[in-house]
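Novice: What follows is a predicted protein model with its sequence.
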Amino acid sequence: MFQSVEEVQERFRSARYIASRRIATVVYLAAQMGRPILIEGPAGVGKTELAKSLAEVSDRPLIRLQCYEGLDEGKALYEWKYAKQLLYTQLLRERIGELIADAPSLPDAVARIAGQEDAFFSFRFLSPRPLLQAILADTPVVLLVDEIDKAEPEFEAFLLEVLSDFQVSVPELGTIRARHVPLVVLTSNNARELSDGLKRRCLHLFIDFPAPVEELEIIRLKVPEIPAELARAVVAAVQKIRGLDLRKPPSVSESIDWARSLVILNAQRLDPELVESTLTMLVKYEKDLERVRGALDKVLAS
Amino acid sequence: MMDERILEFIGDLRRAELRISPSEALDALAATAAVGLEDRETFKTALAATLVKEARDRETFDRLFDLYFLDLQALGEGVRRALGPEDPRVQDLLDRLTAEHGLELDALTELMLRGGASEMEMAIRAGGRQVGLERLMYFLQVGYFSHRIADQLDLQAVEADIAELLRLLEARGLDPGQLARIRNYLELRLEAFRRMIRQHVERELERRAWRQGERLHREALGDKPLFALTADEVAQMKAVVARLARKIKDALALRQRQEQRGRLDTRRTIRRSLAYDGVPMEVRLRRRHRDRPKLITICDVSDSVRNASRFMLQLVWSLQECFSRVRSFVFVSEIAEVTQAFSTYQVERAIEWALKAAPVDYHCRSDFGYAFSRFVRHELDSLDRRTTILILGDARNNYNDPQAWALRLMRERVKGIIWLNPEGQWGWGVGDSVLPLYAPACDLVRECRTVNQLGEVVDNLVQHWWRRGR
């Protein structure tokens, strides 16, 4: 899919995603080795975005499985359309009656109905959920398992099973094997420790807040109309705010939002008043806001 | 060739307690093969992505990586250029020369003329093995071993060979400028090689020292009596306990995945179907009930056993998902619940709070009897058969009334009582220790003087105690 690490970087850039050399290397390796990537890192550094961009540059559809507490196999893999099955049996009641009308005995009748079972347990009545969709897909896909740490450990174990051989067995239909091994990206915010098994299976990528140079590049890419001077000031300020020991330090997406709103306000440079009034774009907790306000002159000092 | 080096590196990572499975090791080899060796940072990323799965292990990885993989940058610009792909014309010239004169160059000279950095390194490592580099112990031996390796590789002969080559070139009437360039090239390479030898020996020493230090340190800490820990060691121990907790959790994760959904609940399905004229439109399943135990910890937080309480609290709260509910009490003589702190603060901060700022008087003498009787008065009704009580204390009651009846009363209500004593067994029942009076009410009494013992006990509990015929 990719010839070299440089090519990965190149193509991500054209998809408007700044991939550091480290990120590009891991993506390259994942594509080469057919391994899932497990991305960890604070919220808002572009973990999900990476998966989306990966789908874009590799020209594959993206299938997304959003994890949450209580997610189970039924919602992740497949479910029988039970109501539809019932509806059909009700509608076909007469047909079924005919079928067994001349059955000499009860066991015979049962055997005949059993012989028709396939009709009711077929793909027609199966509703595939993201995992099965990824396995059934005709073309190679990118499978994003978002926030795997939100799901329960049991689900993780199940996912591990699917990821290790890309096949699932539906008892009524037999084993379904993936036609193309999907590129899998898992993201985690570290809400809890993931199991060793899953980590072992994946290539591990830790994305932290970007270095100033990278962040500048990102902002100028995402908010092209921003004046150069302002972009630099924004990055410097955000980097300093991150150093303040906040409950939730501003993420990349928030600094982009901030930059965007400054552009809309037609700002040319950062002054305390302007920062004060737009700070909520960047910092979301009351306590954090207070803290940043208190340290405003330090944040704006160059 | 490089693979061997990587495997050795992995061995050391494992010794530093990174958990690396064989499949991950294979991944590392495949990944490094895929990205090649040209770029050191990319190579490092490939190794890190396949081997380091925990952010906290990254530091160890970085440190060891630098000890293992030659940093050409550190050798200096000139040397790096000399080891890089040299001017092809020089190479050509040398090729032609050796062919025309039928020169028999030994392998090492050959390497010196053409080899790349990693091949040179392999030669040095082989040489190191020959001279018994594993005996290296002190810094003073670095020079000695460097010489031994150079001798072993017979660098003198290589130098002679090279001098011979240059003489030949001169005899052929090569123009002096070009001759100087070739001489310069070969000398630079020879110098680079010498420096690589020395660097190899130095890093070997560092690696050895690091390995030794790390191991001693860990062993010593894990087996040191808890009361004897200094403030610094307490801080380090937190990491050890966190590691322990992870180990126990990992072991649990290996358990077979439990059935998520239970079997058909016929009764409820039929009742539900009445609404649909007897057609079972909605299926009801019996959720399999997972019986996770409730846990109550009661910790003595008087000075003598505070460290033990600290680590036990940390361990228990890090393992929280193994229990359906954890409540914690601390006492000296007055007893207070500190569970609330754990839901507000991070585990570690909550523990500090429980040990210093809970509403108990930290300065009086411990009185187990009073604490238990107070507990019985206020909490007895909240106890049930799913609850296990974990008591941590030395049972040194300062000659107060032991009030063992209170503990017996508690035992009648719960699944079991487990007593962990941070004092060695020889002291039980001696002096003001009243453990023998409490022991009959306990299902299990264990000594836990060190973190390793504590880990063993808790591990045992999680693995066996709650699974034994419920």
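Specialist: Sure thing, it's come through.

Novice: rest of the way, CA atoms for contacts and neighbours
Specialist: OK.

Novice: three-state assignment of B:D57?
Specialist: Look at B:D57: counting by DSSP: H, G, I helix; E, B strand; the rest coil, its state is helix.

Novice: so what's it up against?
Specialist: Going by C-alpha atoms under 8 Å, 6 or more residues apart in numbering or on different chains, B:D57 touches B:L18.

Novice: Try it again at 6 Å.
Specialist: Counting by C-alpha atoms under 6 Å, 6 or more residues apart in numbering or on different chains, B:D57 touches no other residue.

Novice: how near is it to chain A?
Specialist: In this view, B:D57 and chain A are 12 Å apart by C-alpha to the nearest C-alpha, to the nearest Å.

Novice: Low-confidence stretches in chain A?
Specialist: Applying pLDDT under 70 to chain A flags the ranges A:302.

Novice: from the chain's centre, how far out does the helix ranked longest in it sit?
Specialist: The single longest helix within chain A, with elements called by DSSP state H, is helix A:228-242. Averaged C-alpha coordinates place helix A:228-242 at 28 Å from its chain's average position (C-alpha atoms, centre = their mean, to the nearest Å).

Novice: swap in stretch A:84-98?
Specialist: With C-alpha atoms, centre = their mean, you get 41 Å for stretch A:84-98.

Novice: next one: stretch B:400-420
Specialist: Offset of stretch B:400-420 from its chain centre (C-alpha atoms, centre = their mean): 38 Å.

Novice: quick check: mean pLDDT across it?
Specialist: For stretch B:400-420, mean pLDDT rounds to 90.

Novice: what does that stretch contact?
Specialist: Residues outside stretch B:400-420 that contact it (C-alpha under 6 Å, 6+ apart): B:369, B:372-373, B:383-392, B:438, B:441-447.

Novice: mind listing the helices for the stretch 301-450 of chain B?
Specialist: B:306-318, B:339-344, B:347-356, B:368-379, B:404-413, B:435-438 (DSSP state H, counting those that start in this stretch).

Novice: which one of the ones you listed is the most hemmed in?
Specialist: helix B:306-318 (a mean of 22; mean count of other C-alpha atoms under 10 Å in any protein chain shown).

Novice: That helix near chain A at all?
Specialist: No: Helix B:306-318 lies out of reach of chain A by C-alpha under 6 Å from any C-alpha of the partner chain, never closer than 10.6 Å.

Novice: pLDDT averaged over that helix, what's the number?
Specialist: Rounded mean pLDDT across helix B:306-318 is 81.

Novice: any idea whether the closest residue to chain B within chain A is helix, strand or coil?
Specialist: Residue nearest to chain B within chain A: A:H204 (4.6 Å; C-alpha to the nearest C-alpha). Under three-state DSSP, the three-state class of A:H204 is strand.

Novice: That one against B:A49, yeah?
Specialist: Yes: if you go by C-alpha atoms under 6 Å, A:H204 and B:A49 touch, sitting 4.6 Å apart.

Novice: for chain B, what helix or strand is lowest in average pLDDT?
Specialist: Lowest on mean pLDDT, DSSP states H and E among the helices and strands of chain B sits helix B:77-83, with a mean of 58.

Novice: Tell me how many other residues surround A:D118.
Specialist: The local packing of A:D118 (other C-alpha atoms under 10 Å in any protein chain shown) involves 12 other residues.

Novice: and what of the one 5 residues further on?
Specialist: Using other C-alpha under 10 Å, A:F123 is surrounded by 13 other residues.

Novice: And B:G431, by the same measure?
Specialist: Number of residues near B:G431 (other C-alpha under 10 Å) recorded here: 11.

Novice: same check, this time on B:Q130
Specialist: B:Q130, neighbours per other C-alpha under 10 Å, totals 14.

Novice: ok, and the closest non-adjacent residue to it?
Specialist: B:Q152 (7.6 Å; C-alpha to C-alpha, 6 or more residues apart in numbering or on different chains).

Novice: Over to that neighbour: give its phi and psi.
Specialist: Dihedral pair for B:Q152: phi -60, psi -40, per degrees, to the nearest 10.

Novice: if we can go back for a sec, hmm, who's touching the following helix or strand past the longest helix of chain A?
Specialist: For helix A:228-242, the following helix or strand on the C-terminal side (DSSP states H and E) is helix A:252-264. Applying C-alpha under 6 Å, 6+ apart, the contact partners of helix A:252-264 are A:G44, A:V45, A:I219, A:M281, A:L282.

Novice: Also stretch B:46-56?
Specialist: Stretch B:46-56 is contacted from outside by A:L203, A:H204, A:L205, B:A28, B:A31, B:T32, using C-alpha under 6 Å, 6+ apart.

Novice: And the pLDDT for whichever residue of chain B sits closest to chain A?
Specialist: Nearest residue of chain B to chain A (C-alpha to the nearest C-alpha) works out as B:A49 at 4.6 Å. Here the pLDDT value assigned to B:A49 is 93.

Novice: any idea which element it lies in?
Specialist: Using DSSP H and E, B:A49 falls in helix B:40-51.

Novice: The chain: strands as residue ranges?
Specialist: Assuming you mean chain A. Using DSSP state E, the strands of chain A run over A:37-40, A:62-66, A:78-80, A:126-128, A:142-146, A:167-170, A:174-177, A:183-188, A:203-206.

Novice: I was after chain B.
Specialist: B:294-300, B:325-331, B:335-337, B:387-392, B:416-421, B:444-447.

Novice: export those strands to JSON lines and tack on mean neighbour count?
Specialist: Formatted as JSON lines, those follow (neighbours: other C-alpha atoms under 10 Å in any protein chain shown):
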{"stretch": "strand B:294-300", "mean neighbour count": "23"}
{"stretch": "strand B:325-331", "mean neighbour count": "21"}
{"stretch": "strand B:335-337", "mean neighbour count": "20"}
{"stretch": "strand B:387-392", "mean neighbour count": "23"}
{"stretch": "strand B:416-421", "mean neighbour count": "23"}
{"stretch": "strand B:444-447", "mean neighbour count": "17"}
